[in-house]
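Visitor: Have a look; sequence and predicted model below, questions after that.
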There are 2 protein chains.
Amino acid sequence: MTAAAAGRTRDRAAGAYVRLRELIVHGRLAPGARVIESELAERLGTSRTPVRSALHRLQGEGYVVAWRRGRRTQLAVAPLTKEDGRELFWIVGELEALAASWVARLEVRERQELAANLSRINHELLLASDEDPPDPQRLFDLHTRFHQTYVDACGGPRMQAMHGVVKPQAERYRRLYSTALGGHIHASLAEHEAIVRGIAQGDPAAAEVAVKANWRNAADRLARVIERVGERGSW
Amino acid sequence: MTAAAAGRTRDRAAGAYVRLRELIVHGRLAPGARVIESELAERLGTSRTPVRSALHRLQGEGYVVAWRRGRRTQLAVAPLTKEDGRELFWIVGELEALAASWVARLEVRERQELAANLSRINHELLLASDEDPPDPQRLFDLHTRFHQTYVDACGGPRMQAMHGVVKPQAERYRRLYSTALGGHIHASLAEHEAIVRGIAQGDPAAAEVAVKANWRNAADRLARVIERVGERGSW
DNA sequence: GTATCCAAGTTTGTATCCAATTCGTGGACG
DNA sequence: CGTCCACGAATTGGATACAAACTTGGATAC
């Protein structure tokens, strides 16, 4: 073990999982690119063992795909396809809708506080999108934070775990097509308002519908963008 | 390597994942029981390496829980709690509802065939539940098959992957509380009929509502059972 | 009798090593 | 000049070895 890495000896496998996921979500490992254990191990400064474990998990979660080549398997970063993106957005929408319906059932005090938070984030999003030039990173972060806020507030550990696994994959689509998706911010803002209203008024059905609508519209916007600029990582 | 294991040398990690999941879902590894790598490795006839990888994945999926004890981690089979069960059933219901709404949008021919299949399974379930004594294993399998059938038919790879990860955990609750859940079969049968109708009539909203209702009612039934017999694996 | 400290055993976590297999490359032969 | 075979590099998959850290049991001292 190198002296530099000795400081955080523990849980290299978990660390490798997080870092590899980051690399994939941020597109530093390109969609469709072949993945080689020893390369990644060197890049992360560990041996292949934790990398293998992490890749196994990433494969189960859909970040990495395997195909059998003879009797062995080769791994590649999951490509971004129109169909997969649409399905992913619908599923995330369904999960977040459930989370939203839960937070809409919180007691008034918590609900109002949450709604105020969401409203503030949405307002910041509005301001940020009006800047010239807009800061894509900031837009992205605020958008993520808006959705994360009400999912966190719902409190369900299972929900949070699943959301934590699936959502970054939707973010991968948002991020890697962000240049082409940029113009759609305003459409999303109005939909966010509807979500905030549903939560503020304690109306689970309304909140649920609003979240679903937001994600399904986002799925359509994404599909159109992919249609226009082509899929990345598939050939 | 032993001669007996040599036949399926490839993919021991995937094999360990499947087998350990089976052991957990079937309760052969008791909820709350501590998990020791070397024990499992011996039990599965492999070294610790594939077992570790599998445990890592099972941890990410919620079959196994970890808590830090000093600077190391200890693993245990996830306990069965009332709250977790309820949340799980709601989430599975949400996912399957989406799948059902998709299959309700298939063309008439496929829909009818699927509805006929589902109806047949439901009928077998009725017959099996009327037998004396009923065969719990058969009831369980038919029930599982009913739900699996329309999820398979929806065709979404992401949906199937997520369902494949979450559903077995709901099945774990069903299975490990099955003795106490036995009486509730008939309630479920009527709800299944509503699902079949929604699909047969090509009404996505109806199918969605029916599936959600089925799972939410199941969640209530489960919660009452757990209330009565106590949680397993938590202390 | 109780508290504390030491030592051995257990368990985790990672690195290294080894076997198996595939793919590329070069050479030989038709 | 094309094709086929063979050898070697690269890569995967698993087992084993090794280090670190926690637990437990007992012994000893107060």
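Guide: Noted; the coordinates are in hand.
Visitor: Please, where are all the helices along chain A?
Guide: Using DSSP state H, the helices of chain A run over residues A:12-25, A:37-44, A:48-61, A:82-103, A:108-130, A:136-154, A:157-176, A:178-181, A:185-200, A:204-229.
Visitor: List the buried residues for the fourth one?
Guide: If I follow you right, that is helix A:82-103. Judged by neighbour count using 16 or more other C-beta atoms under 10 Å in any protein chain shown, the buried positions of helix A:82-103 are A:82, A:84-103. Bear in mind the C-beta positions are built from the backbone N, C-alpha and C, glycine included.
Visitor: With the shortest one instead?
Guide: Using 16+ other C-beta under 10 Å as the test for burial, helix A:178-181 gives A:178, A:181.
Visitor: pLDDT on it, on average?
Guide: The average pLDDT within helix A:178-181 is 84.
Visitor: can you tell me the residue of chain A closest to DNA strand D?
Guide: Residue nearest to DNA strand D within chain A: A:Thr73 (3.3 Å; C-beta to the nearest atom of the strand).
Visitor: Spatially central residue for chain A, please.
Guide: When C-alpha atoms, centre = their mean is applied to chain A, the residue found nearest the centroid is A:Pro168 (2.4 Å).
Visitor: unless I'm mixing things up, that one is touching A:Leu23, no?
Guide: No: between A:Pro168 and A:Leu23 no contact is recorded; they are 11.7 Å apart, counting by C-beta atoms under 8 Å.
Visitor: Could you double-check that A:Lys212 sits in contact with A:Gly93?
Guide: Yes: using C-beta under 8 Å, A:Lys212 is in contact with A:Gly93, at 5.0 Å.
Visitor: Remind me what the lowest-mean-pLDDT helix or strand in chain A packs against, helices and strands.
Guide: Every helix and strand of chain A was ranked by mean pLDDT, DSSP states H and E. The lowest is helix A:178-181, at a mean of 84. Judged by 3 or more C-beta pairs under 8 Å, 6 or more residues apart in numbering or on different chains; DSSP states H and E, helix A:178-181 is in contact with helix A:136-154, helix A:204-229.
Visitor: Take the ones you listed and lay them out in TSV including distance to DNA strand D, mean neighbour count and mean pLDDT.
Guide: Below are the helices and strands packed on helix A:178-181 laid out as TSV (distance: least, C-beta to the nearest atom of the strand, whole Å; neighbours: other C-beta atoms under 10 Å in any protein chain shown; pLDDT from 0 to 100):
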stretch	distance to DNA strand D	mean neighbour count	mean pLDDT
helix A:136-154	30	18	95
helix A:204-229	28	19	96
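Visitor: And A:Ile36, its phi and psi?
Guide: Here is the backbone geometry of A:Ile36 (degrees, to the nearest 10): phi -120, psi 120.
Visitor: gap between it and A:Val77?
Guide: Computed as C-beta to C-beta, to the nearest Å, the A:Ile36 to A:Val77 distance reads 11 Å.
Visitor: How about A:Met162?
Guide: Taking C-beta to C-beta as the measure, A:Met162 falls 22 Å from A:Val77.
Visitor: for A:Pro50, same thing?
Guide: Here A:Pro50 is placed at a distance of 18 Å from A:Val77 (C-beta to C-beta).
Visitor: How about A:Glu61?
Guide: 13 Å.
Visitor: okay, the helices and strands packed on helix A:178-181 in a markdown table with distance to B:Leu118 next?
Guide: Rendered in a markdown table, the data for the helices and strands packed on helix A:178-181 read as follows (distance: least, C-beta to C-beta, whole Å):
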| stretch | distance to B:Leu118 |
| --- | --- |
| helix A:136-154 | 32 |
| helix A:204-229 | 25 |
